[in-house]
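When you get a sec, could you give me coordinates for this:
(one chain, ligands or ions: 1)
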Amino acid sequence: MLRRLLVQASTHHRRCLFTPRPASAYRRCSSSSSPSQMGTSTFVDRLDGPNESTPPPPTGISVDRSGLYNPPEHSHEPSSDSELVKHLKGIIKFRGGPISVAEYMEEVLTNPKAGFYINRDVFGAEGDFITSPEVSQMFGEMVGVWAMCLWEQMGQPNKVNLIELGPGRGTLMADLLRGASKFKNFTESLHIHMVECSPTLQKLQYSHLKCIDEDNSDMNVEKRTISTLSRNPVSWHATLEQVPTGLPTIIIAHEFYDALPVHQFQRAARGWCEKMVDVGEDSSFHFVLSPQPTPATLFLMKRYKWAATEEIAKLDQIEVCPRAMELTQTIAKRISSDGGGALIIDYGFNGVVSDSLQAIRKHKFVDILDNPGTADLSAYVDFASVRHSAEEVSDVSVYGPITQSQFLGSLGINFRVEALLENCTDEQAESLRTGYWRLVGDGEAPFWEGPDDQVPIGMGTRYLAMTIVNKKQGIPIPFQ
Ligand SMILES: C[S@@+](CC[C@H](N)C(=O)[O-])C[C@H]1O[C@@H](n2cnc3c(N)ncnc32)[C@H](O)[C@@H]1O
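Okay, the predicted model is just below:
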């Protein structure tokens, strides 16, 4: 069954930079930018000292410990600020100083009352961005093939925890279950766990998995929710830690890591300083540099140790994601003790990430500080850091990253698209071709004959896949 969304989706792109990114969304804070080159949120360097832009020697981290930060006076006049903006300003005011970019990002995305993900469906043509599972059913089906192959390598256990982190609309999981429905031994083994912070998206997932609540009231057993797609029990959790342990486990994280809050550091004459978000006298948000080391500096130092000197030497900015490091260790420990493996697919680099944080509203890049809570914030995933974090845990192996194109190609997406093309309408065939290109292609689709501004752009090389597996299983397909 083909989703019509494929056609609608062809003009809209997810955070994979299908459309050229406006300069204001990129280098607003680079030390070489003059104020006139900056975006609408002005970068204010409150640090004193001559020539802040002169880079220090690249080795080691030195941060000025002198000087206390003076919080600005905040206006108490009534304003038209949204609840989230008021909340952010309140934190800054009562903290007596700016907050980290990571804290800002976390509040903007997942604040329980007004976070971007919390109260609405942000996906698809009507939303803010589109993701691979929403582009084509083939994506979830291929992830299902991967999960089934891993399950075979795990010895075909008859009970497995299948955990998805950040399942969005639940489309990937629904396509995985439909695609695998003929392989009863596999599907019957699955206990599905959705790790999702958004109550609105939890409801959408419930509906896309065609869930029902079993009425066990007269049997004196716990009430269960079942997906009627394959009769698997499904449960929801706010964090991975809340998912019960003790069963062999398969974890899928598609575009979950990029939503985890990043700390941003900028090189100044006196060393690396953390970029913070403050409120100015005009009551708008802007960036400032921390005058002294922040707690996140410890994670910068950790990341420094994993990098080659020359890799860091060329950078003026570095992003670190302690939450990604911690999450990876939680995943790796679970895989180490329960067996199984995890698949992480996201856009990013196999190395230190410099300045990637971006905001997208209604399929357009916007300023990170503009009307927080109404635009998605995401950052490139540092896959090298994920690898190093996992490798600190015993009994697990890490493979990849490989490109999404290699991953889907090796799992047989070409055969799948051919099979679907054999039995479809012309309109569906066009959707299939553009969807296929988006998933595995690189750059503009060469076959496109439609309007220039709707040309499908491939994300096959921008997106990377990595796996963390229990050593017992050997190397999973297709990472050999
Ligand atoms: C970019 S969307 C990706 C959705 C889906 N995986 C897809 O590819 O369509 C991120 C998802 O992670 C969820 N999410 C983000 N941060 C989270 C957190 N800290 N805890 C739990 N879920 C989170 C969001 O609500 C959303 O479902």
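
Let me see the ranges of the helices in the stretch 351-480 of the chain.
383-391, 404-410, 413-421, 426-440 (DSSP state H, counting those that start in this stretch).

and the ones you listed as a markdown table, adding mean neighbour count, distance to the ligand and mean pLDDT?
(C-beta placed from N, C-alpha, C; glycine too.) What follows is the helices of the stretch 351-480 of the chain, written out as a markdown table (neighbours: other Cβ atoms under 10 Å; distance: least, Cβ to the nearest ligand atom, whole Å; pLDDT from 0 to 100):
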| stretch | mean neighbour count | distance to the ligand | mean pLDDT |
| --- | --- | --- | --- |
| helix 383-391 | 22 | 16 | 98 |
| helix 404-410 | 22 | 12 | 98 |
| helix 413-421 | 16 | 17 | 96 |
| helix 426-440 | 21 | 12 | 94 |
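
Compute the number of surrounding residues for the residue of the stretch 151-300 of the chain found nearest the ligand.
The nearest approach of the stretch 151-300 of the chain to the ligand comes at Gly166, 2.3 Å away (Cβ to the nearest ligand atom). Neighbours of Gly166 under the rule other Cβ atoms under 10 Å: 20.

so it makes contact with Leu260?
No. Using Cβ atoms under 8 Å, Gly166 is not in contact with Leu260; the gap is 9.5 Å.

Tell me the predicted confidence for Val396.
Note on Val396: pLDDT of 98.

and the gap between it and the ligand?
Distance, Val396 to the ligand, using Cβ to the nearest ligand atom, to the nearest Å: 22 Å.

same thing with His87?
Taking Cβ to the nearest ligand atom, one finds His87 at 17 Å from the ligand.

Using PDB, list the CA coordinates for whichever helix or strand that residue is part of.
Using DSSP states H and E, His87 sits in helix 83-95. In PDB, the C-alpha atoms belonging to helix 83-95 read as follows (Å, rounded to 0.1, in the frame of the first residue of the first chain):
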ATOM      1  CA  GLU A  83       4.300  30.900  27.600                       C
ATOM      2  CA  LEU A  84       7.500  29.300  26.600                       C
ATOM      3  CA  VAL A  85       9.300  32.600  26.000                       C
ATOM      4  CA  LYS A  86       8.100  33.800  29.400                       C
ATOM      5  CA  HIS A  87       9.300  30.600  30.900                       C
ATOM      6  CA  LEU A  88      12.700  30.900  29.300                       C
ATOM      7  CA  LYS A  89      13.100  34.500  30.400                       C
ATOM      8  CA  GLY A  90      12.000  33.400  33.900                       C
ATOM      9  CA  ILE A  91      14.800  30.800  34.100                       C
ATOM     10  CA  ILE A  92      17.400  33.400  33.000                       C
ATOM     11  CA  LYS A  93      16.100  36.000  35.400                       C
ATOM     12  CA  PHE A  94      15.900  33.700  38.500                       C
ATOM     13  CA  ARG A  95      19.100  31.900  37.600                       C
END
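
near the ligand, which residues of the chain?
109-110, 117, 131, 133-134, 166-168, 195-198, 201, 254-256, 259 (Cβ under 6 Å from any ligand atom).

Go again with 8 Å.
15, 106, 109-110, 117-118, 122-123, 129, 131-134, 164-169, 171-172, 195-198, 201, 238-239, 253-256, 258-260, 323, 376, 378 (Cβ under 8 Å from any ligand atom).

Can I get the buried part of those as one PyMOL selection?
Buried subset of those, written as a PyMOL selection, criterion 16 or more other Cβ atoms under 10 Å:
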select buried, resi 15+106+109+110+117+118+122+123+129+131+132+133+134+164+165+166+167+168+169+171+172+195+196+197+198+201+253+254+255+256+258+259+260+323+376+378
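
Looking at the residues of the chain next to the ligand, which are in helices?
The helices, defined by DSSP state H, take in Glu106, Leu109, Thr110, Ser132, Pro133, Glu134, Thr171, Leu172, Leu201, Arg323 from those.

Any idea how many residues pack against the closest residue to Gly127 other than its chain neighbours?
Closest residue in space to Gly127, ignoring its immediate chain neighbours: Asp121 at 5.9 Å, by Cβ to Cβ, 6 or more residues apart in numbering. Burial of Asp121, expressed as a neighbour count using other Cβ under 10 Å, amounts to 16.

following the helix holding His87, which helix or strand comes up?
Moving toward the C-terminus from helix 83-95, the next element (DSSP H and E) is strand 99-100.

now for that next one, which elements pack on it?
Contact analysis of strand 99-100 by 3 or more Cβ pairs under 8 Å, 6 or more residues apart in numbering; DSSP states H and E lists helix 83-95, strand 271-279 as its packing neighbours.

and the first one, which residues are buried?
Taking 16+ other Cβ under 10 Å as the basis for neighbour counts, the residues of helix 83-95 that come out buried are Leu84, Val85, His87, Leu88, Lys89, Ile92.

quick check, nearest of these to the ligand?
Nearest member of these to the ligand, counting by Cβ to the nearest ligand atom, is Leu84, at 15.4 Å.

Tell me the predicted confidence for that closest one.
So Leu84 comes in at 97 (pLDDT).

same deal with Glu444?
pLDDT, read off for Glu444, is 92.

And for His363?
89.

Could you do the one 5 residues further on as well?
pLDDT recorded at Ile368 is 97.

what about it, how many neighbours?
24.

what does the one 4 residues further on give?
A total of 26 residues lie near Pro372 under the criterion other Cβ under 10 Å.

hmm, back to that, identify the spatial nearest neighbour of the residue of the stretch 151-300 of the chain closest to the ligand, chain neighbours not counted.
Phe256 is the one closest to Gly166 (Cβ to Cβ, 6+ apart), at 3.6 Å.

Next one: that neighbour relative to Val135, how far apart?
Computed as Cβ to Cβ, to the nearest Å, the Phe256 to Val135 distance reads 17 Å.

And for Leu204?
17 Å.

Of those two, which one has the most company?
Val135 (28 against 19).

hey, which helix or strand in this protein has the poorest pLDDT?
helix 23-26 (a mean of 26; mean pLDDT, DSSP states H and E).

got the buried residues for stretch 310-326?
Neighbour-count burial for stretch 310-326 [16+ other Cβ under 10 Å]: Ile312, Leu315, Asp316, Gln317, Ile318, Glu319, Val320, Cys321, Pro322, Arg323, Ala324, Met325.

how much does the host helix or strand of the last one deviate in direction from helix 383-391?
Per DSSP H and E, Met325 falls inside helix 322-338. Between the direction of helix 322-338 and that of helix 383-391, the angle (axes from the mean of the first three to the mean of the last three Cα atoms, to 10 degrees) works out to 40 degrees.

continuing past helix 322-338, what's the next helix or strand?
strand 340-349.

Sketch out the low-pLDDT regions of the chain for me.
In the prediction, the chain carries residues with pLDDT under 70 at positions 1-79, 217-220.

which residue is nearest the centroid of it?
Geometric centre of the chain, nearest residue: Asp258, 2.4 Å, by Cα atoms, centre = their mean.

Can you show me the strands along the stretch 101-250 of the chain?
Taking DSSP state E, counting those that start in this stretch, the strands of the stretch 101-250 of the chain run over residues 160-165, 190-195, 211-213, 225-227, 232-237, 249-254.
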